[in-house]
Every structure is written in C-alpha cells, then in structure tokens.
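1. coords please:
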Amino acid sequence: MHLSTASRAVRGSAIRDLLSLTSRSEVISLAGGLPAADLLPRERIAAAAAAALTDPAAVQYGETAGLPSLRAVLTAHETALCGRPVTDVVVTSGSQQGLDLVARALLDPGDPVVVEEPAYVGALQVFQAAGAAMHPVPLDADGLQVDVLERRLRDGLRPRLVHTVPTFHNPRGVTLSAQRRVRLAALAERFGFLVVEDDPYGLLAFDGVPPVPVAAHSDRVVRLGSASKVLAPALRVGWLSGPPELLAAVERLKQCTDLCTSSLTQTITADLLGDPAWFDAHLRRVRDATAARAAAFTAAVAGHLPGASCSVPAGGMFCWLELPGVDTTALLPRALGHGVGFVPGSAFAVDTQQPHSLRCCVVSHPEPVVTEAVRRLARAAT
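-> Numbering: from 1, shown residues only. Model prediction:
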C-alpha cells in the first residue's frame with residue numbers, strides 16, 4: 001500500500017510503544033504520562049453522567065465548536081487565568097487534537113516552526129505530519145531559552161509559530177520564568193509569529209498558584225487546555241483560545257475530522273468545571289497527593305542514585321533525570337527486567353540526542369511504590 005508523504009514522515013511515539021511492556025503487572029511504570037487512577041473522580045463523574053443522560057441532547061450531535069454551556073465555563077476559566085477577556089474557545093477531542101488542528105490551519109510544508117529541545121513527543125508528531133521545518137531551541141532550569149530564540153530571530157529566522165509547554169514542562173519538568181514569558185510575548189509581537197502555549201498542567205501547581213500565562217501578555221498566543229490531567233483522560237475534552245480568524249479556521253477543519261466532540265463528555269465536563277466548590281476541593285486533593293509523590297521520587301533519587309541529577313518540579317507530573325555515563329536507551333531493557341519502566345531521553349530529541357537522560361512520570365503511584373521504582377532503577381543502573 002502506498003502511504004502519503006505526511007504519514008511516512010511521522011515517527012512512532014516511543015511512549016505508546018512502551019505501554020504494552022510497562023502494562024505488565026510486575027512492572028512499575030514511570031513511562032506514560034498517566035494521571036493517578038486513585039485520584040480520578042470516578043464517583044463525581046458517574047453522578048454527572050447520570051444527570052447528563054436525563055437530557056436527550058447529551059447523546060446527540062452537537063455544535064462543532066462545542067456545547068455553549070461548556071464554552072461559557074471555559075471562557076470564564078481562561079479569562080480568570082489570563083487576567084484579560086477571552087471571548088470564545090473551540091472545544092476539541094483532547095488538546096492533542098487542538099494542536100493538530102492549529103498546525104493544519106497555519107502550516108504549509110516547509111514552514112519553519114520553533115520547538116523546544118527536548119520536545120513534547122506529540123508536538124513533534126504533529127509538526128512532522130504537517131511537513132514543517134523544525135528549529136529546536138534549548139531549555140534550561142527557567143524553561144525555553146528566549147535569549148537564544150531572540151538571537152536566531154535577529155539572524156533571520158521567521159517561524160510561523162513557536163510551540164512551548166511553559167508550565168511544568170513535558171518532559172523536562174521545568175517552568176518558563178515570568179520574565180521570559182513577557183519577553184516571548186514581546187518577540188511574538190515584534191517578529192509576527194504565533195506562540196502556541198500548550199498548558200495541560202498549569203492547574204497542577206503544588207502551591208495552588210498557576211503561573212501567569214504567556215497569553216496574558218499578547219494577543220498573538222494560542223492557548224491549549226485539557227481536562228485530561230485535572231479530571232480524567234477518557235473524557236477527551238480539550239479546548240483552544242486565540243485569534244478569532246484562527247478559531248474559525250480550526251472549526252472548519254474540525255468539521256472534516258470528527259464533526260463534534262462527544263456531547264456526553266462535554267456535558268459531564270461542564271458540570272464538573274462549573275462546580276467551583278467541588279472542583280477547587282478536587283484540585284487541592286490532587287495537588288497535595290502529587291506533591292507528596294514528587295517529593296518521594298526526588299528523595300529516593302538522592303538516596304539511591306546519588307550520581308544522578310534530577311529536576312525538582314513545582315507542579316505537573318514529570319521529573320527529568322541525567323545519569324552521567326549511562327546510555328538510557330540501553331538501560332531500558334535492563335530496567336524492565338528489574339520491574340521498572342521509564343522513557344529514554346532520546347524519545348524527546350530533535351537535534352540533541354539526550355543519551356544520558358530519561359523522563360519519569362512521578363505521580364501515577366503512591367509514595368511507597370514510587371520509592372520502590374527508584375530502588376529498582378538504581379539496581380538496573382549498577
């Protein structure tokens with residue numbers, strides 16, 4: 001069978017390929033970016049589903065841009081986060097669909113796109129499918145190195161968009177500093193590109209205070225949000241906000257893709273996000289638990305892998321480890337043999353291979369299991 005150039009350009013996701021291996025009962029998986037199953041609000045979702053099913057509209061086709069009730073909740077949510085009016089959103093089937101639709105709306109083959117190094121795998125796949133020319137910019141402890149980006153812009157780089165996961169980065173776990181957020185927004189205004197602010201983790205700040213979004217500083221920002229990490233992945237509800245002409249183009253393209261996101265899961269999501277007392281209490285519970293799990297992970301790394309360097313997250317789901325002198329791709333089969341899984345840094349590489357790095361999702365398991373996972377990793381690495 002002849003496959004299209006676009007489909008052949010997309011490399012597989014090492015994370016998805018690992019799931020069949022790490023799903024074995026004897027393996028503690030730190031590989032997939034999975035929210036903790038014990039923290040998903042199943043009873044509250046069940047109650048919202050039962051209420052939704054009393055309305056025939058909840059099992060019918062809906063508007064392509066999303067149910068008005070959910071869009072009203074989301075525009076209020078985004079307005080509060082950004083501190084400036086957000087007048088509309090388009091609801092998508094997860095934020096990954098939103099990213100794909102944005103790329104399809106904005107990019108022609110060969111268009112330059114700035115990505116972070118290391119990069120979110122899902123973004124790499126989307127931009128590969130679009131035929132974009134990717135230009136990686138490195139990260140440090142304060143996120144995207146905006147000064148490096150600025151030098152490249154002054155040297156003539158003219159990207160159509162800059163993709164960033166600025167808050168509790170996947171995979172690096174770092175957060176773009178407030179100063180750099182302002183500078184990035186100013187560069188977008190000066191050089192005419194769009195920033196795609198991919199923000200599925202912002203509400204998972206351990207101290208309960210999400211960083212001010214990049215979109216607070218410029219209209220040239222497309223924000224992607226998701227219910228997957230704060231409610232449940234199976235709802236498949238995401239959203240995007242941005243310039244009106246882009247939202248209109250995204251809506252047209254979405255009609256080609258799935259006609260509309262599930263009316264049932266949108267109704268459930270509107271119920272949960274539209275109940276501030278419940279949602280705030282739920283977020284506090286998730287933040288407290290995930291902060292404890294992240295702390296257990298970093299303490300275990302210090303105790304059992306003293307030669308490693310480890311990011312210390314202030315929120316989100318991930319820690320990034322550097323194991324000097326260890327090929328983490330070669331380490332993975334040994335680690336699986338010891339009953340622990342992770343994602344090698346090479347899975348997130350654009351130009352720099354990241355041979356001694358690995359990403360761990362540190363929130364999927366309770367603290368004793370997280371600690372045991374690090375012990376197993378240490379045994380595999382020796």
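
2. ok, which stretches of the stretch 201-350 of the chain are helices?
-> Here the stretch 201-350 of the chain has its helices, by DSSP state H, counting those that start in this stretch, at 244-257, 263-273, 276-304, 328-337.

3. any idea which of these is most buried?
-> helix 263-273 (a mean of 23; mean count of other C-beta atoms under 10 Å). Any C-beta I mention is one placed from the backbone N, CA and C, and that applies to glycine too.

4. quick one: which of the helices of the stretch 201-350 of the chain is nearest residue 52?
-> Residue 52 lies closest to helix 263-273 among the helices of the stretch 201-350 of the chain, at 4.1 Å (C-beta to C-beta).

5. Now do the closest one: which elements does it pack against?
-> Counting contacts by 3 or more C-beta pairs under 8 Å, 6 or more residues apart in numbering; DSSP states H and E, helix 263-273 is packed against helix 42-52, helix 68-82, helix 276-304.

6. Switch those helices over to JSON lines; also include distance to residue 26 and mean pLDDT.
-> Output for the helices and strands packed on helix 263-273, formatted as JSON lines (distance: least, C-beta to C-beta, whole Å; pLDDT from 0 to 100):
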{"stretch": "helix 42-52", "distance to residue 26": "26", "mean pLDDT": "98"}
{"stretch": "helix 68-82", "distance to residue 26": "41", "mean pLDDT": "97"}
{"stretch": "helix 276-304", "distance to residue 26": "19", "mean pLDDT": "98"}
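
7. quick one: which of those helices is nearest residue 202?
-> helix 68-82 (7.3 Å).

8. which residues touch that closest one?
-> Helix 68-82 has contacts (C-beta atoms under 8 Å, 6 or more residues apart in numbering) with 65-66, 85-89, 91, 202, 210, 212-213, 215-216, 223, 225, 237, 239, 241, 266-267, 269-270, 273-274.

9. Where does the prediction get shaky in the protein?
-> 12-22 (pLDDT under 70).

10. helix/strand/coil for residue 100?
-> helix (DSSP: H, G, I helix; E, B strand; the rest coil).

11. how about it, what does it touch?
-> Contacts of residue 100 (C-beta under 8 Å, 6+ apart): 126, 129.

12. what's the neighbour count on residue 127?
-> Neighbours of residue 127 under the rule other C-beta atoms under 10 Å: 25.

13. shouldn't it be in contact with residue 103?
-> Yes - using C-beta atoms under 8 Å, residue 127 is in contact with residue 103, at 6.3 Å.

14. Of all the helices and strands packed on helix 263-273, which one is nearest residue 253?
-> For the helices and strands packed on helix 263-273, proximity to residue 253 was assessed by C-beta to C-beta; helix 68-82 is nearest, at 17.7 Å.

15. so who does the spatially most central residue of the chain touch?
-> Nearest to the mean C-alpha position of the chain, by C-alpha atoms, centre = their mean, lies residue 200 at 4.8 Å. Each residue near residue 200 by C-beta under 8 Å, 6+ apart is listed here: 95, 165, 170, 224-226, 228-229.

16. same thing but at 10 Å, please
-> Neighbour list for residue 200: 33, 94-96, 120, 165, 167-168, 170, 224-230, 238, 316-317 [criterion: C-beta atoms under 10 Å, 6 or more residues apart in numbering].

17. Next: residue 4.
-> Counting by C-beta under 10 Å, 6+ apart, residue 4 touches residue 129.

18. try residue 246
-> 90, 101-102, 105-106, 194, 222, 240.

19. and the gap between the residue nearest to the centre of the chain and residue 333?
-> Using C-beta to C-beta, to the nearest Å, one obtains 30 Å as the distance from residue 200 to residue 333.

20. Likewise for residue 340?
-> The gap separating residue 340 from residue 333 is 12 Å, by C-beta to C-beta.

21. which neighbours do those two share?
-> By the contact definition C-beta under 10 Å, 6+ apart, residue 340 and residue 333 are jointly contacted by residue 380.

22. ok, longest strand in the chain?
-> Criterion DSSP state E: the longest strand present in the chain is strand 133-140.

23. still on that earlier bit, let me know which of the helices and strands packed on helix 263-273 is the nearest to residue 175.
-> helix 276-304 (13.4 Å).
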